[in-house]
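Chemist: predicted model and sequence follow; I will ask about them next.
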Amino acid sequence: MIKKILTAFLLLPTLLCAQINTERVMTIARNALYFEDYVLSIQYFNQVINAKPYLYEPYFFRGLAKINLDDFQGAEADCNAAIQRNPFVVGAYQIRGLARIRQNNYDGAIEDYKTALKYDPENLVLWHNLSLCHMQKEDYGAAKEDLGKLLKIAPRYTRAYLMRGEVYCMEDISIFVMGGGYSIDKHLRTEGISWWSQEMPSEEEYNHALENLKRINYKVDYIITHTAPSETVYYLSTLRSLGIKNDVVQEQQLTIFLDEIQRKVTYKHWYFGHFHVDLELWRNQTALLSCVRELETGKVVRQWDPYEG
């Protein structure tokens, strides 16, 4: 009896040490994830799962690491495990929804986002992603309803208006849209009404745009943007009567990005605004100001004086 008690007593520090080490390993794993060392973080999360398979956190964070490594099936499986252990973790539904989108399982993603919104009804990202899923399924009525609810929660959520880098398919016509442009006269504008601090695309939006175009093999019918590729901007700046500047440094990243789009993408026609001129240009490009044109034919169906009144 004394021997058994002594053995148990001797084992106690080892068990306590294992528990402490598990917590430390989890911390190390999350730090590796934070610094984007996804492979290393997975190795540490594996250790935690082996030691304490009943915890949801290591499955959730391992799923997050896997989705960053484009292992979408693995990310979905880990989120399944996390949700089985704790069905109230909004992030698990969000990550699983994204993994399902990358596998073209939009119905599954919609189910995830709707479930997550029951627990977090004012989560802007969830409403945004839900609307994108409905658009991909060409359920534009549902998408409009989603965006309406989003804008009630956050009227200044500009991404709901811009939807930068998206590809829409409507009546067998594919359209790539990319908002964004720098306001050189923003000192004359009112923030939140005629000017927004998020007017330029983020790195996330640039990457998102390229991913969407890659998914459809860089082929669309029409491109609609606010500004134009840098080559086009340069050409417009040579037309002195227009007074267009070619040295807006803040806009160069966007216009160079649009150069890449121009090189990679096969398209029928490209429409853009921004430069306060109506003009037919090279490479099937048209600058718009006061003309409303038919998308497919380019025919002017309405025109007005933009400076009137």
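Modeler: Now that the structure is in, tell me what you want to look at.

Chemist: all contacts plus neighbour counts: C-alpha atoms, from now on.
Modeler: Fine.

Chemist: next one: the nearest residue to Lys219 once chain neighbours are set aside from Glu260, what distance?
Modeler: Nearest residue to Lys219, sequence neighbours excluded (Cα to Cα, 6 or more residues apart in numbering): Thr266, at 4.8 Å. From Thr266 over to Glu260 the distance is 12 Å, taken as Cα to Cα, to the nearest Å.

Chemist: my read is that the residue nearest to Lys219 contacts Tyr218, right?
Modeler: Yes - between Thr266 and Tyr218 there is a contact under Cα atoms under 8 Å: 6.3 Å.

Chemist: state the pLDDT value of Leu40.
Modeler: Leu40 carries a pLDDT value of 95.

Chemist: go on, the one 3 residues further on?
Modeler: Predicted confidence (pLDDT) for Gln43: 95.

Chemist: where does the stretch 201-309 of the chain have low pLDDT?
Modeler: Along the stretch 201-309 of the chain, the parts satisfying pLDDT under 70 run over 247, 306-309.

Chemist: what segments of it are strands?
Modeler: 222-225, 269-272, 279-280, 285-287, 291-293, 300-303 (DSSP state E, counting those that start in this stretch).

Chemist: quick check: which helices or strands does the second one pack against?
Modeler: This points to strand 269-272. Packing contacts for strand 269-272, counted by 3 or more Cα pairs under 8 Å, 6 or more residues apart in numbering; DSSP states H and E, involve strand 222-225, strand 285-287.

Chemist: ok, the fifth one next?
Modeler: Applying 3+ Cα pairs under 8 Å, 6+ apart, one finds that strand 291-293 makes contact with strand 300-303.

Chemist: partners of the strand it packs on in the sheet?
Modeler: Pairing partners of strand 300-303, with direction, according to DSSP bridges: strand 291-293 (antiparallel).

Chemist: got a list of contacts for the strand it pairs with?
Modeler: By Cα atoms under 8 Å, 6 or more residues apart in numbering, the residues outside strand 291-293 that reach it are 278, 299-304.

Chemist: do stretch 237-248 as well
Modeler: Counting by Cα under 8 Å, 6+ apart, 182, 233-234, 236, 275, 277 sit against stretch 237-248.

Chemist: mean neighbour count for the strands of the stretch 201-309 of the chain - can I get that in CSV?
Modeler: Shown next, in CSV, are those (neighbours: other Cα atoms under 10 Å):
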stretch, mean neighbour count
strand 222-225, 20
strand 269-272, 21
strand 279-280, 14
strand 285-287, 21
strand 291-293, 16
strand 300-303, 10
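
Chemist: tell me which residues touch the residue nearest to Lys219, please.
Modeler: 218-221.

Chemist: just Trp127 next, same as before
Modeler: Counting by Cα under 8 Å, 6+ apart, Trp127 touches 113, 117, 146-147, 149-150.

Chemist: select only the buried ones of those residues in PyMOL?
Modeler: Selection of buried members from these for PyMOL, criterion 16 or more other Cα atoms under 10 Å:
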select buried, resi 113+117+146+147+149+150
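
Chemist: now intersect the contacts of Trp127 with the helices, please.
Modeler: Taking DSSP state H, the ones among the contacts of Trp127 that sit in helices are 113, 117, 146-147, 149-150.

Chemist: next one: the residue nearest to Ile173 when sequence neighbours are not counted from Glu138, what distance?
Modeler: Among residues not flanking Ile173 along the chain, Asp221 sits closest, at 6.2 Å (Cα to Cα, 6+ apart). Counting by Cα to Cα, the gap from Asp221 to Glu138 is 17 Å.
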